[in-house]
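Q: I would like the atomic coordinates for the input below:
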Amino acid sequence: MKVIGIGNAIVDVICKVSDDFLIKHSLTKSTMKLIDEDEFKSLLSNLRIEETVSGGSVANSIVGLSQLGNNVGFIGKINQDELGEKYENGLKKENVKYLYLKKKENLPTGTCLILITPDSERTMCTFLGTAGKINQNDIKESDIQNSKITFLEGYLWDKGEPKKAFDKAIKNSNKVAMSLSDLFCVERHKDEFLELVKNKIDITFANEQEILTLINAKSFEEVITFAKQIKKHIVITRGANGSMAINGEKIFECPAKSNLKITDLTGAGDLFAAGYLHGYINDLKTQDSLKQGTDLSSKIIQTIGARL
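A: As a prediction, this is how the structure comes out:
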């Protein structure tokens, strides 16, 4: 297997909202907020659902890699319920090997409200459900060891059992890639994420704001200096400024595409990572890997949802 992803198995519920809706419910635009089941149901009762699809950050990337013809798998915890069935079938339909044996759990399958405002920005309210209870027993060492790269999401990092699962995956991996996932995650786990990026992760994916926040940088030049100092592979998306990969002393850049009809920014980072990893595992040049990531992310932001 070329890439195995481990992340929160979440069913995305996509809704269009006004900016006033976010203000009314004290939601910060373009971030992710963890909510409980009651709050999820309360918010949903005021919304019209546009689409319901299998989601989760790394799972979206893994599906993208599969669509590009790569042999990939995914581990994420679901319940043996209606949404769990929908989630598993969504992966299998995309030829992703689902490497978790679902069973009856105490909590339902996780769900995420993706609220899209008129400017195409997405704000997420996530009820993790059983996804947030993943533990080291859910991960087979052989699955990890037989994969070229293990791809982890920052959303998964949390105290207790999820953290143990994360650590087990890292210890058994040939190479580890990780997405910082969200500014919320970076601020919540800054010291631990910094330790991971410096010492345990081979390839880090981040957007500009996430990486600036992680290292308390005031300018992007500080990010470049940091990446060179730690001699790791860091890939950064910069919105209209394109993307950059820093690998040791080498810096590669790719411009953003212009004249796009942007509909929904959900999944832009996920599909960028898919394109970049596709290039990386198939021995493309770094510049070409950046272009692959740019091509995929440019396609996804012109559709609703996080999967092509």
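
Q: what about the helices in the chain?
A: 19-24, 37-44, 57-67, 82-93, 141-145, 161-172, 183-188, 190-199, 208-214, 220-230, 268-281, 286-300 (DSSP state H).

Q: got the contact list for the longest one?
A: Spelled out, that is helix 286-300. 64, 235, 237, 242-245, 247, 250, 252-257, 260, 266-280, 284, 306-308 (Cβ atoms under 8 Å, 6 or more residues apart in numbering). No exception for glycine: its C-beta is placed from N, CA and C like everyone else's.

Q: which of the residues you listed are buried?
A: Neighbour-count burial (16 or more other Cβ atoms under 10 Å) is assigned, among these, to 64, 235, 237, 243-245, 247, 252, 254, 266-280, 306-307.

Q: does residue 139 touch residue 170 like I think?
A: No - Residue 139 is not in contact with residue 170 according to Cβ atoms under 8 Å; the separation is 10.7 Å.

Q: neighbour count winner among those two?
A: Ranked by neighbour count (other Cβ atoms under 10 Å), residue 139 and residue 170 place residue 139 first, with 22 against 17.

Q: so where's this structure uncertain?
A: Scanning the chain for pLDDT under 70 picks out 264, 266, 304-306, 308.

Q: can you tell me the centre-most residue of it?
A: residue 57 (2.8 Å; Cα atoms, centre = their mean).

Q: that one - nearest residue in space that isn't next to it in sequence?
A: Of all residues not flanking residue 57 in the chain, residue 153 sits nearest, at 4.6 Å (Cβ to Cβ, 6 or more residues apart in numbering).

Q: so how far is residue 39 from residue 26?
A: 11 Å (Cβ to Cβ, to the nearest Å).

Q: let me fix that, I meant to ask about residue 162.
A: 21 Å.

Q: give me the more crowded residue out of those two.
A: residue 162 (23 against 15).

Q: ok, that one to residue 138 distance?
A: 10 Å.

Q: contacting residues around residue 102?
A: Going by Cβ under 8 Å, 6+ apart, residue 102 touches 78, 79, 80, 84, 88.

Q: got the phi and psi for it?
A: phi -70, psi 150 (degrees, to the nearest 10).

Q: the residue nearest to residue 57 and residue 177 touch, don't they?
A: No - assessed by Cβ under 8 Å, residue 153 is found out of contact with residue 177, at 9.9 Å.

Q: and residue 46, how many neighbours?
A: Residue 46, neighbours per other Cβ under 10 Å, totals 11.

Q: what residues are up against the residue lying closest to it once chain neighbours are set aside?
A: Excluding the flanking residues, the one nearest residue 46 by Cβ to Cβ, 6+ apart is residue 21, at 7.7 Å. Applying Cβ under 8 Å, 6+ apart to residue 21 gives the contacts 27, 46, 115.

Q: let's see 10 Å
A: Residues in contact with residue 21 (Cβ atoms under 10 Å, 6 or more residues apart in numbering) are 15, 27, 43, 46, 47, 115, 117, 123.

Q: re earlier: overlap in contacts of residue 139 and residue 170?
A: What both residue 139 and residue 170 touch, as defined by Cβ under 10 Å, 6+ apart, is the set residue 150.

Q: rewinding a little: deepest in the core, which of the helices of the chain is it.
A: Of all the helices of the chain, helix 57-67 carries the top mean neighbour count, a mean of 28, counting by mean count of other Cβ atoms under 10 Å.

Q: pull the CA atoms of that helix into CSV?
A: Extracted in CSV, the C-alpha atoms of helix 57-67 (Å, rounded to 0.1, in the frame of the first residue of the first chain):
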residue,chain,number,x,y,z
SER,A,57,-9.8,15.7,6.5
VAL,A,58,-7.3,12.9,5.9
ALA,A,59,-10.1,10.7,4.5
ASN,A,60,-10.7,13.3,1.9
SER,A,61,-7.0,13.3,1.0
ILE,A,62,-7.0,9.5,0.8
VAL,A,63,-10.0,9.5,-1.6
GLY,A,64,-8.2,12.0,-3.8
LEU,A,65,-5.1,9.8,-3.9
SER,A,66,-7.3,6.8,-4.8
GLN,A,67,-8.9,8.8,-7.6
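
Q: what would the helices of the chain look like in TSV with distance to residue 8?
A: What follows is the helices of the chain, written out as TSV (distance: least, Cβ to Cβ, whole Å):
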stretch	distance to residue 8
helix 19-24	22
helix 37-44	14
helix 57-67	7
helix 82-93	11
helix 141-145	18
helix 161-172	9
helix 183-188	11
helix 190-199	16
helix 208-214	17
helix 220-230	27
helix 268-281	12
helix 286-300	19
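
Q: residue 4: which of the ones you listed is closest?
A: With Cβ to Cβ as the measure, helix 141-145 is the member of these nearest residue 4 (6.0 Å).

Q: the closest one packs against which elements?
A: Here helix 141-145 touches strand 3-6, strand 72-75, helix 161-172, going by 3 or more Cβ pairs under 10 Å, 6 or more residues apart in numbering; DSSP states H and E.
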